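any chance you can model this:
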Amino acid sequence: MTETFDNALEGLRMTGASVDTRDMVQLLVRHGAEEGQLLATYEKLADESADEATRYVIGLILEDERRHHRLLAELANAMAWDISSGSPEPATPWLAGPLTGALLDQTRTLLEAEETDERELRKIRRRLRPYERTTLWALMIDMMIMDTKKHAAMLRFLERTRN
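Below you'll find the predicted structure:
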């Protein structure tokens with residue numbers, strides 16, 4: 001999976017990046033390689049497990065791990081190519097101007113919706129306690145609660161840094 005990071009390494013060569021940037025990109029590349037090995041292990045387990053529930057849960061983890069791997073590569077690309085050069089491959093974008101008007105209003109509305117969603121999911125989760133040892137249902141709701149918290153944090157970030 002290190003091929004995902006080739007573009008970032010090329011960016012370091014092309015831009016004459018600072019020592020700090022080089023160190024950070026190298027750290028991301030190493031972590032990406034470790035995540036690549038982890039991905040391969042998860043994929044093997046998902047392919048070889050005879051247990052349907054295990055395959056299902058591992059499949060969910062794989063979705064996250066693949067996204068993490070992609071995000072690491074995009075972050076490395078953004079750092080390696082610098083804001084002025086622009087990466088020829090997908091990279092984490094730089095923050096632009098402030099959120100204003102309808103976009104800021106929509107962000108705030110979505111934040112309120114995520115906070116409401118978390119409260120509702122917690123109610124559902126409490127009602128699933130009797131099924132914790134026999135189904136994946138409680139785990140699914142726990143995951144949704146974590147995702148909802150993550151979404152709210154992302155919206156708060158946009159609101160805080162962009163106005």
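
next SSE after the longest helix anywhere in the chain?
In the chain, with assignment by DSSP state H, the single longest helix is helix 52-85. For helix 52-85, the following helix or strand on the C-terminal side (DSSP states H and E) is helix 101-127.

now do the same contact list for the residue nearest the centre of the chain.
Closest residue to the average C-alpha location of the chain: residue 68 at 4.9 Å, with Cα atoms, centre = their mean. Contact analysis of residue 68 by Cβ atoms under 8 Å, 6 or more residues apart in numbering lists residue 35. (C-beta placed from N, C-alpha, C; glycine too.)

residue farthest from the centroid of this protein?
Centroid-distance maximum for the chain: residue 130 at 31.5 Å, with Cα atoms, centre = their mean.

contacting residues for residue 22?
Contacts for residue 22 (Cβ under 8 Å, 6+ apart) come out as residue 12.

recalculate using a threshold of 10 Å.
For residue 22, the contact set (Cβ atoms under 10 Å, 6 or more residues apart in numbering) comprises 9, 12, 15-16, 79-80.

ok, now residue 13?
So residue 13 contacts residue 80 (Cβ under 10 Å, 6+ apart).

list the buried residues in the helix or strand where it lies.
Assessed by DSSP H and E, residue 13 sits inside helix 6-15. Within helix 6-15, the residues that qualify as buried are 7-12, 15, counting by 16 or more other Cβ atoms under 10 Å.

this protein - how does it break down into domains?
2-85, 101-161 (automatic domain parsing).

my guess is residue 153 contacts residue 118. True?
No. Using Cβ atoms under 10 Å, residue 153 is not in contact with residue 118, being 11.4 Å away.

looking at the two, which one has more neighbours?
Neighbours were counted for residue 153 and for residue 118 using other Cβ atoms under 10 Å; residue 118 has more, 17 against 11.

I'd like the distance between that one and residue 137.
Using Cβ to Cβ, to the nearest Å, one gets 17 Å for the distance from residue 118 to residue 137.

what pLDDT is listed against residue 2?
Model confidence at residue 2, given as pLDDT, is 52.

and if you look at residue 91?
In this model, residue 91 is scored at 89, pLDDT.

counting neighbours, what do you get for it?
21.

that one against residue 74, yeah?
Yes. Residue 91 is within contact range of residue 74, at 5.3 Å (criterion: Cβ under 10 Å).

which SS state does the residue farthest from the centre of the chain fall under?
Assigned by DSSP: H, G, I helix; E, B strand; the rest coil, the conformation of residue 130 is helix.

hmm, back to that, what touches both of residue 91 and residue 74?
Contacts common to residue 91 and residue 74, judged by Cβ under 10 Å, 6+ apart, are 7-8.
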